[in-house]
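Undergrad: sharing a sequence plus its predicted fold:
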Amino acid sequence: MRIVILGSGRGSNAEAILTAQQAGRLGRARVVQILSDKPDAGILGLGARFGVPATYVDPAPFKTKLEGEGESRFIAAVQAAEPDLVVLAGFMRVLKPGFLNAFAGKIINLHPSLLPSFPGLDGIGQAFRRGVKVTGCTVHYVTLEVDGGPILDQAVVRVGPTDTLDSLAQKVHAAEHALLPAVIACLSEK
């Protein structure tokens, strides 16, 4: 299973995938390309470290969505890698029908809450401010509805009485780093 990872940030979830691949825990999957919409994103540095091509793709003209010329550039870059699966690992843009149709049924996302609760931005902060006792993370297929696609798996994180927003974020990120590679490994065996 050929995987393309899209990310906008430091790349901790991509690193978890690549580390699992290096350790032989990614099933029949292998990362063939990393793409980012930010030229200085930390995720791009993972390419050289793990021997995977990592490239910035210009997402212009919009700041929060992938549409128009930027969408066309991303579609071309992803298609060139011939992926079986596109993994959104901290990719901070809303995908539109052109991209979704180009890779229908092949795009998964990691979200930092137990969906359907707390979709959208700042899932961890939303859960913390709401005072829930249990939160976690979700891997789901991507559809037009933001964070609304079919759920593949979830990991539960308990919110302790002494947790701060920062300590809860650390716990959720640790759960994400275990869940996402496990889901990819499972998908690669199907």
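TA: Happy to help now that I have it.
Undergrad: for the worst-scoring helix or strand of the chain on mean pLDDT, name the packing helices and strands.
TA: None of the helices or strands of the chain scores lower by mean pLDDT, DSSP states H and E than strand 65-66, at a mean of 90. If you count contacts as 3 or more C-beta pairs under 8 Å, 6 or more residues apart in numbering; DSSP states H and E, strand 65-66 packs onto strand 94-95. Heads up, the C-betas are built off the backbone N, CA and C, glycines and all.
Undergrad: just checking, what packs against the next helix or strand after the strand it packs on?
TA: Next along the chain after strand 94-95, taking DSSP states H and E as the criterion, comes helix 97-102. Helix 97-102 sits against helix 68-80, with contacts defined as 3+ C-beta pairs under 8 Å, 6+ apart.
Undergrad: go with 10 Å
TA: Counting contacts by 3 or more C-beta pairs under 10 Å, 6 or more residues apart in numbering; DSSP states H and E, helix 97-102 is packed against strand 65-66, helix 68-80.
Undergrad: packing partners for the helix or strand that that helix is followed by?
TA: Helices and strands here follow DSSP H and E; after helix 97-102, the next one along the chain is strand 107-111. Secondary-structure packing of strand 107-111 (3+ C-beta pairs under 10 Å, 6+ apart): strand 2-7, helix 12-22, strand 85-88, strand 134-141, strand 151-158, helix 165-188.
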